[in-house]
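Attaching a predicted model along with its sequence, questions to come.
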Amino acid sequence: MDPLHPTMNHHNLTSTVERKFVQLQYLGTLTLCPGYCGRIATPDNLLSECMACPRGTRASQKNSLCEPCQDFLTPYAWMYLAFMAALPLIFHLTVIDMIFRKWRRKSYVILQLSALLEAAASAVITMAFFRKDDQFRMRFCGADRLADWYSVFHNPKPDYIHTLNCSQEVVYPLYSVVFVYYFLSLLLMLICRGVSAKWSWNGMARNALLGGLYQYPVLLAVHAGCAGLLYFIFPYVTIIAASVTSAMHCSLIKKQTLWEILKGLFSSIHSVIVVVAHWILLGFGVLAIYYKDSVVDILKIAPSVLAPLIIYLVTFRLTDPKKYYDHFE
């Protein structure tokens, strides 16, 4: 008999199934499922064999029953999704900035706004797909270990010969939601920028469109293979990347004196936006590591976003290549 989907009469069968499980376990006829395998309820109030839990459920550690995900996303999980959603947006904005900023001001502004609109629309539609109530809240199964992201590598062999295939999205929906977001971002980018390029611009607009297309295979491959690793290290990746790019932005100023650097950083709207964006990214990374519910505690760590800029201003004289030319001649 086909197993019953966990969302159908699950709550009506839960108590009966758990009592049945306790009885069978007490009699020694039923054991806990190995690995990430679980059991689901059948229409006749019996339990299935150990198998992969259906999407949106996870095997309970106490009785191996596949239970629906009930926990709301934690602030850290939300930050991880924000990090993954920001990757294509940052790339889009960077490519548009490199191509259009000095070429055509109107096109530059329109394309930047288009990229922001695409990202916002993709996020809202993705949330609508995965929401569990009218407040756009998502429930997830938790992600406690790196192995939770790679259940395909943890299929058990109860008899040491045959593999029991229990591959599933243990961390639902943290894995699938990113794929949906990237697909919607790609679709909206093709629609919005394709129409805009046809109406307003010549071949230069194709560079921005093609640059955006190139990133998605890379992002999808990185997420498919490294999602679990990124989940645990993304705050540090954000801090390192923002610090390095902040130093690069300062180093592009021609005259490397304290006054000229400060003048170059804050003398134009574009440069101010870049500096503030680096501060936001740094604050985001620090907050993901030291998240506190108290506003006072958050304000205490806020000044840390200035650290990379201050370090550069203090040490740039020591890293001027001209000071070391004599040692290599």
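It's in. Numbers count the residues shown, from 1 in each chain.

C-alpha from now on. contacts and neighbour counts both.
Noted.

centre of the chain versus stretch 251-263, how much separation?
Offset of stretch 251-263 from its chain centre (C-alpha atoms, centre = their mean, to the nearest Å): 35 Å.

With only the CA atoms kept, save it in PDB.
Once non-C-alpha atoms are left out, stretch 251-263 reads as follows in PDB (Å, rounded to 0.1, in the frame of the first residue of the first chain):
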ATOM      1  CA  SER A 251      44.000  51.900  -3.200                       C
ATOM      2  CA  LEU A 252      42.400  53.100  -6.500                       C
ATOM      3  CA  ILE A 253      42.700  56.700  -5.400                       C
ATOM      4  CA  LYS A 254      45.700  58.100  -7.300                       C
ATOM      5  CA  LYS A 255      47.300  60.300  -4.600                       C
ATOM      6  CA  GLN A 256      47.900  58.200  -1.500                       C
ATOM      7  CA  THR A 257      47.800  60.800   1.200                       C
ATOM      8  CA  LEU A 258      45.500  60.900   4.200                       C
ATOM      9  CA  TRP A 259      43.600  63.900   3.000                       C
ATOM     10  CA  GLU A 260      43.400  62.800  -0.600                       C
ATOM     11  CA  ILE A 261      42.100  59.400   0.400                       C
ATOM     12  CA  LEU A 262      39.400  60.900   2.600                       C
ATOM     13  CA  LYS A 263      38.500  63.400  -0.100                       C
END
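
Can you check which helix is longest in this structure?
Ranked by residue count under DSSP state H, the longest helix found in the chain is helix 204-251.

which is the next helix or strand following that helix?
Scanning forward in sequence from helix 204-251 by DSSP states H and E, the next helix or strand is helix 258-266.

Does anything pack onto that next one? Which helices or strands?
helix 269-289 (3 or more C-alpha pairs under 8 Å, 6 or more residues apart in numbering; DSSP states H and E).

hmm, who's touching the helix it packs on?
76, 79, 234-239, 242-243, 245-246, 264-266, 298, 301-302, 304-306 (C-alpha atoms under 8 Å, 6 or more residues apart in numbering).

cutoff 7 Å now
Applying C-alpha atoms under 7 Å, 6 or more residues apart in numbering, the external contacts of helix 269-289 come out as Y76, M79, P235, Y236, T238, I239, A242, S246, L265, F266, A302, V305.

Buried ones among these?
Neighbour-count burial (16 or more other C-alpha atoms under 10 Å) applied to those gives Y76, M79, P235, Y236, T238, I239, A242, S246, L265, A302, V305.

For this structure, name the helix or strand with the lowest mean pLDDT.
In the chain, the helix or strand scored least confidently by mean pLDDT, DSSP states H and E is helix 325-328, which has a mean of 49.

and the spatially closest residue to K255 that is not a sequence neighbour, how many neighbours?
Once flanking residues are discounted, K255 sits nearest to I261: 7.2 Å by C-alpha to C-alpha, 6 or more residues apart in numbering. Neighbour count for I261, taken as other C-alpha atoms under 10 Å: 19.

Verify the stated contact: I261 with I253.
Yes: between I261 and I253 there is a contact under C-alpha atoms under 7 Å: 6.4 Å.

In contact with the residue positioned nearest the centre of the chain, which residues?
For the chain, the residue nearest the mean C-alpha position is M84 (2.8 Å; C-alpha atoms, centre = their mean). If a contact means C-alpha under 7 Å, 6+ apart, then M84 has no contacts.

ranges for the strands of this protein?
With strands called from DSSP state E, the chain shows them at 57-59, 66-68, 71-72, 139-140.

Report all helices and strands that the longest helix of the chain contacts.
Applying 3 or more C-alpha pairs under 7 Å, 6 or more residues apart in numbering; DSSP states H and E, we find helix 204-251 packed against helix 75-100, helix 269-289.

burial count for K300?
Neighbours around K300, by other C-alpha under 10 Å: 9.

List the buried residues in stretch 92-100.
Within stretch 92-100, the residues that count as buried by 16+ other C-alpha under 10 Å are H92, L93, V95, I96, D97, F100.

how deep is Y160 tucked in, by neighbour count?
For Y160, the count of nearby residues is 7 (other C-alpha under 10 Å).

what about it, distance to G225?
27 Å (C-alpha to C-alpha, to the nearest Å).

One more: W279?
29 Å.

the more surrounded of those two?
Neighbours per residue, other C-alpha under 10 Å: of W279 and G225, the larger number sits with W279, 24 against 12.

what about the nearest residue to L146 once chain neighbours are set aside, neighbour count?
In space, and not counting its chain neighbours, L146 is closest to G228: 5.7 Å by C-alpha to C-alpha, 6+ apart. G228: 20 surrounding residues under other C-alpha under 10 Å.

Would you check how far apart G228 and M138 are?
As judged by C-alpha to C-alpha, G228 and M138 stand 19 Å apart.

which parts of stretch 126-140 are buried?
T126, M127, A128, F130, M138, R139, F140.

Settle this for me: the first one is touching Y181, isn't it.
Yes: with contacts counted by C-alpha under 7 Å, T126 reaches Y181, the gap being 5.8 Å.
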